[in-house]
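> coords please:
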Amino acid sequence: MSERLEIKAALTVDDAGTITGIAWPFGSPDRVGDVIEKGAFASPEVLPMLFAHDQAQVIGVWDQIEETPDGLTVKGRLLVDDVERAREVRAMIRTKAVSGLSIGFRTKTAKPRQRGRTITALDLHEISVVAVPSHPGAQITSVKAADGTAEHKEPKLENEELEMKNDPVISPEDLKALKADIATIKAKLNRPTAANNNHPAAHNDNDLEKKAFADYLRTGEIDKKALTVGADELVGYILAPEETSSEFIRNLVEFSPIRGLVDVKPATSHTIVLPKRLSVTNAKWKGEAVASEASEPTFGEMEIAVKELTTHVDLSNWLIEDATADVIGEVNLALSEDFGAKESKAFVNGGTDPAEPQGFMSEGAVANSLNGHATNLSADALIKLMYSLPAIYRNRGTWAMNGTTLAVIRTLKDGAGNYLWQPSYQAGQPETILGRPVVELVDMPDVSANAFPIIFGDFKSGYRIYDRIALGVKPNPYLLATEGKVRFHARRRVGAGVIRPDVFRKLKMATA
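So this is what the prediction gives:
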């Protein structure tokens with residue numbers, strides 16, 4: 001089971017960027033009922049300061065963190081001299097557009113309460129400046145002036161509750177019925193969990209979604225309160241919970257490495273229309289008092305059609321009935337493997353079948369460079385191919401080939417006796433050929449006469465994938481009922497195509 005970073009949310013700042021506040025008040029629950037006891041915090045001496053828990057928005061550092069009788073008190077520095085976003089956040093704090101703090105942590109020890117949990121041990125990972133904290137008492141406490149003398153104090157908020165107002169047009173009868181419904185819901189929430197209940201109590205929306213998704217896979221019944229139901233074009237389909245869908249995409253990248261190379265964007269229609277420049281301006285040098293000549297660049301359009309990818313997975317009733325959340329992992333892994341393999345093949349060689357996306361190897365507008373021999377790879381040919389691209393694309397280029405071709409290249413040397421291929425000596429860094437990274441794609445052609453076994457280029461600029469519909473799953477418990485199985489139908493809609501053929505070069509195994 002993957003760990004989840006929890007987000008909980010008091011705050012002040014000066015011209016120099018000094019900021020103080022209470023990140024978590026002791027003695028009262030937050031808005032979802034969680035209580036963190038004094039002594040629960042385990043954190044390093046210094047923590048990053050983020051804005052709204054966005055790791056891409058590091059705006060400062062917390063260098064004083066201590067537990068006091070009031071709560072977890074923090075003091076830090078906004079990087080106002082170096083980070084533009086930090087200066088914007090300082091302005092928002094001063095105008096009270098944001099006034100809260102929120103903590104990001106992983107729970108180590110907790111016990112359930114009637115509503116929420118009592119957390120006795122946690123690992124603190126970051127503290128963010130936010131507009132609405134989870135705990136009403138987590139507020140900015142002071143903002144100092146530029147000279148450090150005047151100090152603005154925010155009022156300390158303790159046990160603040162969100163104000164609730166009745167709609168003035170609601171009738172007394174409707175109000176009475178609403179109160180009765182609330183009382184019924186509270187009674188259900190207060191019931192103890194049955195000893196044989198296969199589903200642990202859910203404490204947040206993600207847990208509710210996962211539980212509902214697992215129930216749906218078992219029974220075929222949709223809990224619309226917790227799941228996202230597809231639009232009209234997805235009649236009968238549901239979308240997996242966000243956490244499951246994100247895991248599916250991560251697994252998909254492992255089986256379809258092209259997604260890690262190219263630009264991936266969402267699509268809102270069955271066709272994506274992109275503007276395309278057909279010609280450029282034509283500036284000319286001229287003398288004094290000589291009229292300039294007009295340039296008329298021309299533009300066109302290109303279309304990328306969204307295609308549909310479908311498959312199904314058969315699971316036994318016993319596996320479904322006896323499994324808990326593991327059934328989600330089983331379905332997810334099977335779909336990731338199948339969808340990833342089919343997508344990768346289409347992104348490389350697709351296009352001959354009109355039902356497939358356009359692959360970059362089958363794009364006729366991509367130029368090629370001759371190897372000079374029909375069967376033996378040439379080191380000189382690879383160097384010429386690489387330098388046939390303009391420097392702006394060459395310096396962002398990536399080599400792509402299958403494992404068989406890569407094995408041959410590992411033996412090639414340049415004129416000075418240096419191997420073209422170089423291993424990676426640092427974790428997370430790719431192998432390189434002529435100083436540029438190489439990725440292995442199983443669907444690339446082998447080395448043979450007139451084949452194109454290697455492509456080099458700026459994949460991020462030249463190839464684009466459009467995701468239209470995320471993972472949709474629909475169980476059919478009747479089709480294989482006599483065999484004791486349930487069939488799960490899955491579908492995705494995705495389109496892809498080359499948008500800049502000039503940033504690629506293919507190697508052709510030929511002399512002419």
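
> next SSE after the helix or strand where residue 301 lies?
Counting by DSSP states H and E, the element that carries residue 301 is strand 299-316. Using DSSP H and E, the helix or strand that directly follows strand 299-316 along the chain is helix 317-322.

> quick revisit: in the strand holding residue 301, what's buried?
When neighbours are counted by 16 or more other CB atoms under 10 Å, the buried residues of strand 299-316 are found to be 304, 306-307, 309, 312-313, 315. For the C-beta atoms, the positions are set from N, CA and C on the backbone; glycine is no exception.

> Equivalent analysis for stretch 418-437, please.
Going by neighbour count (16+ other CB under 10 Å), the buried part of stretch 418-437 is 420-421, 432-434.

> Just those: which are in strands?
With DSSP state E as the criterion, strands contain 421, 432-433 from among the buried residues of stretch 418-437.

> Let me have those in TSV, extended by pLDDT.
As requested, these are arranged in TSV below (pLDDT from 0 to 100):
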residue	pLDDT
421	83
432	89
433	89
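
> Let's see the helix or strand containing residue 20 as CSV, backbone CA atoms only.
Here residue 20 is covered by strand 18-25, with elements defined by DSSP H and E. Taking C-alpha atoms only, strand 18-25 is exported to CSV below (Å, rounded to 0.1, in the frame of the first residue of the first chain):
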residue,chain,number,x,y,z
THR,A,18,10.9,37.0,7.6
ILE,A,19,7.8,35.0,8.2
THR,A,20,6.4,33.5,11.5
GLY,A,21,3.3,31.6,12.4
ILE,A,22,1.7,28.6,14.0
ALA,A,23,1.7,25.6,11.6
TRP,A,24,-0.5,23.5,13.8
PRO,A,25,-2.4,24.5,17.0
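
> Quick check: neighbours of it in the sheet, parallel or antiparallel?
Sheet pairing of strand 18-25 (DSSP bridges) gives strand 12-13 (antiparallel), strand 71-78 (antiparallel), strand 140-144 (antiparallel).

> buried sites along that strand?
In strand 18-25, the ones that count as buried by 16+ other CB under 10 Å are 18-25.

> any idea of the mean pLDDT in the strand holding residue 301?
Averaging the model's pLDDT scores along strand 299-316 yields 86.

> Any regions of this structure where pLDDT drops low?
Within the chain, the set of residues satisfying pLDDT under 70 comprises 1-15, 43, 132-256, 278, 323-330, 332, 424-428, 471.

> Quickly list the domain ranges of the protein.
6-153, 219-279+299-512 (automatic domain parsing).

> need the strands for the stretch 351-500 of the chain, in chain order.
In chain order, the stretch 351-500 of the chain shows strands spanning 367-370, 398-401, 421-422, 432-433, 436-440, 454-457, 463-476, 485-498, with DSSP state E, counting those that start in this stretch as the criterion.

> Nearest to residue 57, out of the buried residues of stretch 418-437: which one, please.
Of all those, the one sitting nearest residue 57 is residue 432; the distance, using CB to CB, is 32.0 Å.

> Find the residue closest to that closest one in space, skipping its chain neighbours.
Nearest in space to residue 432, with sequence neighbours left out and distances taken as CB to CB, 6 or more residues apart in numbering, is residue 422 at 4.9 Å.

> Hmm, residue 431 and the one you found touching each other?
Yes - with the criterion set as CB atoms under 8 Å, residue 422 and residue 431 qualify as a contacting pair; they are 6.8 Å apart.

> correct me, but residue 492 touches residue 306?
No - in this structure residue 492 lies outside contact range of residue 306 using CB under 8 Å: 10.0 Å.

> tell me, what's touching these two both at once?
Both residue 492 and residue 306 are contacted by residue 468, under the criterion CB atoms under 8 Å, 6 or more residues apart in numbering.

> host element of residue 119?
Assigned by DSSP H and E, residue 119 belongs to strand 117-130.

> Which strands or helices does that strand pack on?
For strand 117-130, the packing partners by 3 or more CB pairs under 8 Å, 6 or more residues apart in numbering; DSSP states H and E come out as strand 35-36, strand 41-42, strand 47-51, strand 54-67, strand 100-112.

> Return the list of strands paired to the first one, each annotated with direction.
If you go by DSSP bridges, strand 35-36 pairs up with strand 117-130 (parallel).

> Report the helix of the protein that spans the greatest number of residues.
In the chain, ranked by residue count with DSSP state H as the criterion, the top helix is helix 326-349.

> just the angle between that one and strand 299-316, please?
Note on geometry: by axes from the mean of the first three to the mean of the last three CA atoms, to 10 degrees, helix 326-349 and strand 299-316 are set 140 degrees apart in direction.

> And helix 326-349, what does it pack against?
For helix 326-349, where contacts count as 3+ CB pairs under 8 Å, 6+ apart, the packed elements are helix 205-219, helix 242-255, strand 299-316, helix 317-322, strand 463-476, strand 485-498.

> what's the closest residue to residue 113 other than its chain neighbours in contact with, if anything?
Setting aside the residues directly before and after it, residue 113 is nearest to residue 33 in space (CB to CB, 6+ apart), at 6.3 Å. The contact partners of residue 33, taken as CB under 8 Å, 6+ apart, are 113-117.

> By neighbour count, sort out the buried ones in those.
By neighbour count, with 16+ other CB under 10 Å, the contacts of residue 33 hold 116-117 as buried.

> Nearest to residue 340 among the contacts of residue 33?
Using CB to CB, residue 117 is the member of the contacts of residue 33 that lies nearest residue 340, at 37.4 Å.

> who does the closest one bridge with?
Going by DSSP bridges, residue 117 is paired in beta bridges with residue 112.

> Next up, the contacts around it.
Counting by CB under 8 Å, 6+ apart, the residues that residue 117 touches are 33-35, 107, 110-111, 203.

> cool, and residue 283?
Taking CB under 8 Å, 6+ apart, we find residue 283 in contact with residue 295.

> What distance do you get for residue 293 to residue 269?
In this view, residue 293 and residue 269 are 40 Å apart by CB to CB, to the nearest Å.

> which residues does residue 508 bridge with?
Note on residue 508: beta-bridge partners residue 370, judged by DSSP bridges.

> ignore the last one, residue 486
The residues listed as beta-bridge partners of residue 486 by DSSP bridges are residue 315.

> That one against residue 474, yeah?
No - at 10.8 Å, residue 486 and residue 474 do not qualify as touching, with contact defined as CB under 8 Å.

> Compare these two (neighbour count), which wins?
Of the pair residue 486 and residue 474, residue 486 is the one with more neighbours under other CB atoms under 10 Å, namely 24 against 18.

> which residues are contacting stretch 44-52?
Contacts of stretch 44-52 with the rest of the structure, by CB under 8 Å, 6+ apart, involve 19, 57-63, 65, 76-78, 85, 89, 104, 124-131.

> So how do I select the buried members of the residues you listed in PyMOL?
A single PyMOL command suffices to select whichever of these are buried according to 16+ other CB under 10 Å:
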select buried, resi 19+57+58+59+60+62+65+76+77+78+85+89+104+124+125+126+127+128+129+130
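
> Could you verify my assumption that residue 263 touches residue 467?
No - Residue 263 sits out of contact with residue 467 when judged by CB under 8 Å, with a separation of 11.6 Å.
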